[in-house]
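I would like to see how this sequence folds:
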Amino acid sequence: MSDPMLVLAGMELYKSALIIALGAAACFMLTFSLYPRGGLGAAVWLFAAADIILTVLLCRFLHYYCHSEQYDSFLRAMTDYSSGGYVLVGAVPAALAAAWIARAAGLTQNSSRLLDCFAPGAVLAAAFIRLSALYNSTCRGKIAVKRPLLRRLPIASPVLSSSGAEDWRFATFFVEFLLLGLMFFLVLRFFLRRRRQAMKAGQKRDGNVALFALLTASAVELLCDSTRYDSSFLPINGFVSLTQIVCGFAILAPLVVWSVRSIRANGRSAFHWAIWIVWFFSLAGAGVCEYLVQRHGDWYLSCYLAMAACCYLMARLPYAMYRSVCARKKRTKA
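Alright, predicted model coming up:
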């Protein structure tokens with residue numbers, strides 16, 4: 001952990017913690033501002049409280065499961081947060097559970113709309129969390145940057161090795177912060193467009209914004225997690241990290257949902273088969289790139305450029321499926 005930025009009344013405040021707190025506050029305020037005025041504001045408050053608690057618990061549980069050797073016991077891992085780490089993808093089931101809690105409490109009948117309003121802020125909060133890693137010891141990219149000209153942000157950041165020497169490595173989390181920041185603007189733009197369309201059509205239930213946010217953020221996370229020095233792997237699998245596995249399924253989910261809707265709207269056609277085949281080839285290509293980059297340490301540039309192209313296709317193709325549904329609706333109205 002870095003040196004404290006401020007000591008106030010005996011309490012040490014760290015830059016990384018303050019950045020995370022700012023991200024959480026920005027996420028809540030954005031969610032509250034996007035939530036329809038006709039809805040109960042209490043639903044957002046309950047959702048936010050439940051989401052924070054469940055996110056911390058689930059992210060810590062996943063880290064314990066993958067790195068149990070770092071903890072004295074399960075009880076200590078789940079009660080002592082002064083050390084250890086988290087696996088960020090635990091935030092996905094936490095958000096779903098929090099939305100269910102808000103609905104079960106009778107504060108909303110439309111958990112999909114609640115998740116749509118939460119989606120842009122969630123991507124923004126994830127970007128802040130990655131930015132916070134610049135101020136502690138967690139931004140450990142596994143690619144060593146040897147050229148002095150590249151030893152600066154956004155390419156590289158200094159990390160202290162176990163011997164105390166300064167080691168320049170690829171700034172994994174800062175690059176991810178930049179990419180997630182871009183995804184935030186795309187998701188917010190998507191939300192505003194969907195809201196205008198929903199108001200015209202009189203729709204109350206959607207969920208497309210949450211799926212779009214899940215799609216874009218997972219594609220970024222799948223790629224960037226491969227560059228990490230400290231990725232979390234399942235005890236039974238040392239090849240693909242837990243984050244990459246979850247992100248793969250998270251990208252697949254919008255493809256499945258939008259494929260079903262597209263087939264209902266347009267009927268099954270060669271277009272759907274083309275999307276599915278190319279998507280699975282892209283998934284296989286990302287897997288091959290991951291294998292090659294682990295076996296050949298000097299192939300970083302070519303492997304990650306190819307993996308980036310595969311991740312882009314994995315995110316772009318489900319969106320093309322979504323567009324086919326929208327095109328059908330426009331033709332129906334015409």
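
all strands for the stretch 1-150 of the chain, in order.
6-8, 11-13 (DSSP state E, counting those that start in this stretch).

By mean pLDDT, show me the worst of the ones you listed.
When mean pLDDT is averaged over each of those, strand 6-8 scores lowest at a mean of 53.

Do you know the pLDDT at S16?
Looking at S16, the pLDDT reads 80.

so what secondary structure elements neighbour the helix or strand that contains F281?
F281 belongs to helix 270-295 when assigned by DSSP states H and E. Judged by 3 or more CB pairs under 8 Å, 6 or more residues apart in numbering; DSSP states H and E, the packing partners of helix 270-295 are helix 242-266, helix 300-333. All C-beta atoms are positioned from the backbone trio N, CA, C, and that covers glycine.

G181: which of those is closest?
Set against G181 and scored by CB to CB, the helices and strands packed on helix 270-295 come closest in helix 300-333, at 16.3 Å.

so what's L62 up against?
For L62, the contacting residues are Y86, V87, V89, G90, S232, L242, by CB atoms under 8 Å, 6 or more residues apart in numbering.

How many neighbouring residues does the second one have?
Right, the one you point to is V87. 23 (other CB atoms under 10 Å).

Likewise for the fourth one?
Burial of G90 is recorded as 22 neighbouring residues (other CB under 10 Å).

mind checking pLDDT for it?
Confidence score, pLDDT, at G90: 95.

Then the first one?
We have a pLDDT of 91 for Y86.

now the residue nearest to it when sequence neighbours are not counted: how far from G23?
Sequence neighbours aside, C59 is the residue nearest to Y86 in space, at 3.7 Å (criterion: CB to CB, 6 or more residues apart in numbering). Per CB to CB, to the nearest Å, C59 is found 14 Å from G23.

closest to L313 among the contacts of L62?
V89 (21.2 Å).

wait, the closest one sits on T243?
Yes: V89 is within contact range of T243, at 5.2 Å (criterion: CB atoms under 8 Å).
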